[in-house]
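A.B. asks: I need the structure of the sequence given here:
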Amino acid sequence: MGIIITNENVYLADKERSSDWTAKFTKYLGLDGVVISQEGFGNPDTDLIMNCKKVEAQGIKTVIVTDEYAGRDGSSQSLADADVAANAVVTGGNANEVIILPPMKKIIGMLNYTDTVAGGFDGSLRPDGSIMAELQIITGATNELGFNKLTAKMY
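C.D. replies: This is a model prediction of the structure:
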(Lines give C-alpha, C1' and ligand atoms only; values in the text may rest on other atoms or scores of the structure.)
Protein backbone atom coordinates (compact mmCIF):
# COMPACT_ATOMS: atom_id res chain seq x y z
CA MET A 1 0.00 0.00 0.00
CA GLY A 2 2.79 2.40 0.81
CA ILE A 3 5.58 3.47 3.10
CA ILE A 4 5.27 5.20 6.46
CA ILE A 5 8.50 6.97 7.29
CA THR A 6 9.07 7.61 10.97
CA ASN A 7 11.89 9.22 12.84
CA GLU A 8 14.17 7.66 15.44
CA ASN A 9 14.01 10.04 18.35
CA VAL A 10 16.48 10.36 21.18
CA TYR A 11 14.08 11.10 24.05
CA LEU A 12 11.72 8.43 25.35
CA ALA A 13 8.66 10.73 25.30
CA ASP A 14 9.31 11.49 21.62
CA LYS A 15 9.73 7.78 20.86
CA GLU A 16 6.40 7.07 22.57
CA ARG A 17 4.62 9.81 20.63
CA SER A 18 6.08 8.78 17.29
CA SER A 19 5.22 5.10 17.74
CA ASP A 20 1.71 5.98 19.00
CA TRP A 21 1.02 7.95 15.82
CA THR A 22 2.58 5.24 13.62
CA ALA A 23 0.28 2.61 15.12
CA LYS A 24 -2.77 4.87 14.80
CA PHE A 25 -1.93 5.58 11.17
CA THR A 26 -1.57 1.88 10.30
CA LYS A 27 -4.99 1.24 11.86
CA TYR A 28 -6.50 4.23 10.01
CA LEU A 29 -5.19 2.87 6.71
CA GLY A 30 -6.81 -0.50 7.42
CA LEU A 31 -3.61 -2.46 6.89
CA ASP A 32 -3.53 -6.22 7.29
CA GLY A 33 0.23 -6.42 7.73
CA VAL A 34 3.26 -4.21 8.16
CA VAL A 35 6.98 -4.72 7.52
CA ILE A 36 9.02 -2.60 9.92
CA SER A 37 12.68 -1.83 9.33
CA GLN A 38 15.14 0.50 11.00
CA GLU A 39 18.39 2.36 10.42
CA GLY A 40 21.17 1.96 12.93
CA PHE A 41 21.42 -0.09 16.09
CA GLY A 42 21.20 0.38 19.83
CA ASN A 43 18.88 3.31 20.46
CA PRO A 44 16.95 2.75 17.18
CA ASP A 45 16.19 -0.81 18.36
CA THR A 46 13.77 0.76 20.85
CA ASP A 47 11.93 2.56 18.04
CA LEU A 48 11.77 -0.69 16.06
CA ILE A 49 10.30 -2.66 18.96
CA MET A 50 7.92 0.14 20.04
CA ASN A 51 6.52 0.36 16.51
CA CYS A 52 6.17 -3.42 16.31
CA LYS A 53 4.52 -3.72 19.71
CA LYS A 54 2.01 -0.93 19.13
CA VAL A 55 1.11 -1.95 15.57
CA GLU A 56 0.58 -5.55 16.76
CA ALA A 57 -1.65 -4.19 19.57
CA GLN A 58 -3.86 -2.68 16.83
CA GLY A 59 -4.44 -6.23 15.52
CA ILE A 60 -2.11 -5.78 12.55
CA LYS A 61 0.48 -8.48 11.89
CA THR A 62 4.08 -7.28 11.73
CA VAL A 63 7.42 -8.54 10.52
CA ILE A 64 10.58 -6.74 11.59
CA VAL A 65 13.61 -6.57 9.31
CA THR A 66 16.81 -5.80 11.12
CA ASP A 67 20.42 -6.71 11.50
CA GLU A 68 21.84 -8.04 14.72
CA TYR A 69 24.70 -7.37 17.10
CA ALA A 70 24.74 -10.76 18.83
CA GLY A 71 28.41 -10.90 19.79
CA ARG A 72 31.22 -12.58 17.93
CA ASP A 73 29.95 -16.03 18.86
CA GLY A 74 26.28 -15.14 18.19
CA SER A 75 25.15 -15.94 21.73
CA SER A 76 24.36 -12.42 23.03
CA GLN A 77 20.98 -10.68 22.86
CA SER A 78 20.91 -9.51 19.26
CA LEU A 79 18.90 -6.30 19.73
CA ALA A 80 19.12 -3.69 22.48
CA ASP A 81 15.36 -4.01 23.02
CA ALA A 82 12.90 -6.87 22.68
CA ASP A 83 9.23 -7.77 23.12
CA VAL A 84 7.15 -10.93 22.64
CA ALA A 85 5.17 -9.09 19.94
CA ALA A 86 8.30 -9.17 17.76
CA ASN A 87 7.83 -12.82 16.86
CA ALA A 88 8.40 -12.57 13.09
CA VAL A 89 11.92 -11.42 12.31
CA VAL A 90 13.99 -11.32 9.13
CA THR A 91 17.67 -10.79 9.84
CA GLY A 92 20.30 -9.19 7.66
CA GLY A 93 22.97 -11.01 9.66
CA ASN A 94 25.09 -10.65 12.77
CA ALA A 95 27.32 -7.60 12.36
CA ASN A 96 29.65 -8.94 15.10
CA GLU A 97 30.48 -12.14 13.19
CA VAL A 98 34.23 -12.33 12.67
CA ILE A 99 35.45 -12.58 9.09
CA ILE A 100 38.88 -12.65 7.49
CA LEU A 101 39.56 -10.47 4.47
CA PRO A 102 42.54 -11.76 2.47
CA PRO A 103 45.53 -9.52 1.76
CA MET A 104 45.26 -7.45 -1.41
CA LYS A 105 48.02 -7.07 -4.00
CA LYS A 106 47.13 -3.42 -4.53
CA ILE A 107 45.76 -1.11 -1.85
CA ILE A 108 44.22 2.28 -2.62
CA GLY A 109 44.25 4.39 0.52
CA MET A 110 45.67 3.46 3.88
CA LEU A 111 45.27 0.74 6.49
CA ASN A 112 46.46 2.55 9.63
CA TYR A 113 42.88 2.94 10.94
CA THR A 114 41.93 -0.75 10.56
CA ASP A 115 42.20 -1.51 14.29
CA THR A 116 40.00 1.45 15.30
CA VAL A 117 37.23 1.60 12.68
CA ALA A 118 33.82 0.07 13.61
CA GLY A 119 34.27 -3.69 13.45
CA GLY A 120 38.03 -3.51 13.85
CA PHE A 121 39.91 -4.29 17.03
CA ASP A 122 43.50 -4.36 18.27
CA GLY A 123 45.30 -6.74 15.94
CA SER A 124 42.72 -6.68 13.12
CA LEU A 125 45.41 -5.85 10.58
CA ARG A 126 47.50 -9.00 10.59
CA PRO A 127 51.20 -9.24 9.67
CA ASP A 128 50.43 -10.96 6.35
CA GLY A 129 48.20 -8.02 5.31
CA SER A 130 44.92 -9.84 5.87
CA ILE A 131 42.28 -8.26 8.08
CA MET A 132 40.41 -10.13 10.80
CA ALA A 133 37.44 -8.04 11.88
CA GLU A 134 33.72 -8.05 12.56
CA LEU A 135 31.42 -8.10 9.54
CA GLN A 136 30.34 -4.52 10.31
CA ILE A 137 33.72 -3.32 9.02
CA ILE A 138 32.13 -3.64 5.56
CA THR A 139 29.63 -0.79 5.41
CA GLY A 140 26.16 -2.05 4.52
CA ALA A 141 27.07 -5.74 4.91
CA THR A 142 24.11 -6.26 7.25
CA ASN A 143 21.69 -3.80 5.68
CA GLU A 144 18.49 -3.58 7.75
CA LEU A 145 16.46 -3.65 4.54
CA GLY A 146 17.75 -7.12 3.73
CA PHE A 147 19.28 -8.37 0.51
CA ASN A 148 17.12 -7.20 -2.35
CA LYS A 149 16.85 -4.91 -5.32
CA LEU A 150 15.22 -1.71 -4.15
CA THR A 151 13.65 0.62 -6.64
CA ALA A 152 11.30 3.57 -6.77
CA LYS A 153 8.85 4.55 -9.46
CA MET A 154 7.18 7.93 -9.98
CA TYR A 155 3.53 7.95 -11.08
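A.B. asks: need the longest helix for this protein.
C.D. replies: Across the chain, the longest stretch assigned as helix under DSSP state H is helix 12-28.
A.B. asks: list the helices and strands it packs on?
C.D. replies: helix 43-57 (3 or more C-beta pairs under 8 Å, 6 or more residues apart in numbering; DSSP states H and E). (Glycine included, C-beta is placed from N, CA and C.)
A.B. asks: 10 Å - rerun?
C.D. replies: Other helices and strands packing on helix 12-28, by 3 or more C-beta pairs under 10 Å, 6 or more residues apart in numbering; DSSP states H and E, are strand 33-37, helix 43-57.
A.B. asks: pLDDT below threshold where in the chain?
C.D. replies: Scanning the chain for pLDDT under 70 picks out 145-155.
A.B. asks: tell me, which strand in this structure spans the most residues?
C.D. replies: Among the segments of the chain that qualify as a strand by DSSP state E, the longest is strand 61-68.
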